[in-house]
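Enquirer: Show me how the following folds:
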Amino acid sequence: MSGNLVGILGVTSNEASMQKILIVDDDPQMQKLYSRLFSMEEFQVEVAEDGVAGVDRVRSFSPDVILLDVMMKKMNGLQALAAFKSSPTSRDIPVVVLSNISDARVVNDAKSKGATQYVVKSETEPQEMVEIVKEVLSNAGGAGGGFM
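Expert: All right, here's what the predicted structure looks like:
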């Protein structure tokens, strides 16, 4: 992006080069925690409070990666994941599912719907989550990630 275009769009050159993460979680504490952590790691962060808002926000924000909770009102994370992966504008965006649900059926359902990673919140420190997302981004376009 040229300097003139950056200025015209109202975006700083630093913002233009930052990786973008969309955090879709209905828990305000989780939103705040992960927003702060990813901002400190030089990510441009947007938050959506449920799956419906996440599906809407992915269109306008165009994130590089999505961090997605499963248990949410209006539209749960698995429904949002299916919507992300069925849309031409978001189907190639890596999605890391972060949930307290460790049931194998839910993990397999997320995998079948296209999740790049499935991480259990209670088994993962917040800073580990940052490293997982960075790894997913470094593998984007490659063989893909795995499941935890």
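
Enquirer: Tell me which helix or strand the residue most central in space within the chain sits in.
Expert: Centroid-nearest residue in the chain: I66, 1.4 Å away (criterion: Cα atoms, centre = their mean). Element membership of I66, judged by DSSP states H and E, is strand 65-68.

Enquirer: got a list of contacts for that strand?
Expert: With contacts defined as Cβ atoms under 8 Å, 6 or more residues apart in numbering, strand 65-68 is touched by 19-25, 34, 54, 58, 77, 80-81, 84, 90, 93-98, 115, 129, 133, 136-137, 140. Just so you know, the C-beta spots here come from the backbone N, C-alpha and C atoms, and that holds for glycine as well.

Enquirer: Distance check, N100 against Q79.
Expert: 18 Å (Cβ to Cβ, to the nearest Å).

Enquirer: If you could redo that for D26, that was the one I meant.
Expert: Separation of D26 from Q79 (Cβ to Cβ) stands at 13 Å.

Enquirer: if I read this right, V119 contacts L98, doesn't it?
Expert: Yes: here V119 lies in contact with L98, judged by Cβ atoms under 8 Å, at a distance of 5.0 Å.

Enquirer: who has more neighbours, the two?
Expert: Per other Cβ atoms under 10 Å, whichever of V119 and L98 has more neighbours is L98, with 24 against 19.

Enquirer: Can you pull out the low-pLDDT segments for this protein?
Expert: 1-17, 141-148 (pLDDT under 70).

Enquirer: Would you map the strands across it?
Expert: For the chain, the strands defined by DSSP state E cover 19-24, 43-48, 65-68, 95-99, 117-120.

Enquirer: Show me whatever sits in contact with both of V119 and L98.
Expert: Listed as contacting both V119 and L98 by Cβ under 8 Å, 6+ apart are M129.
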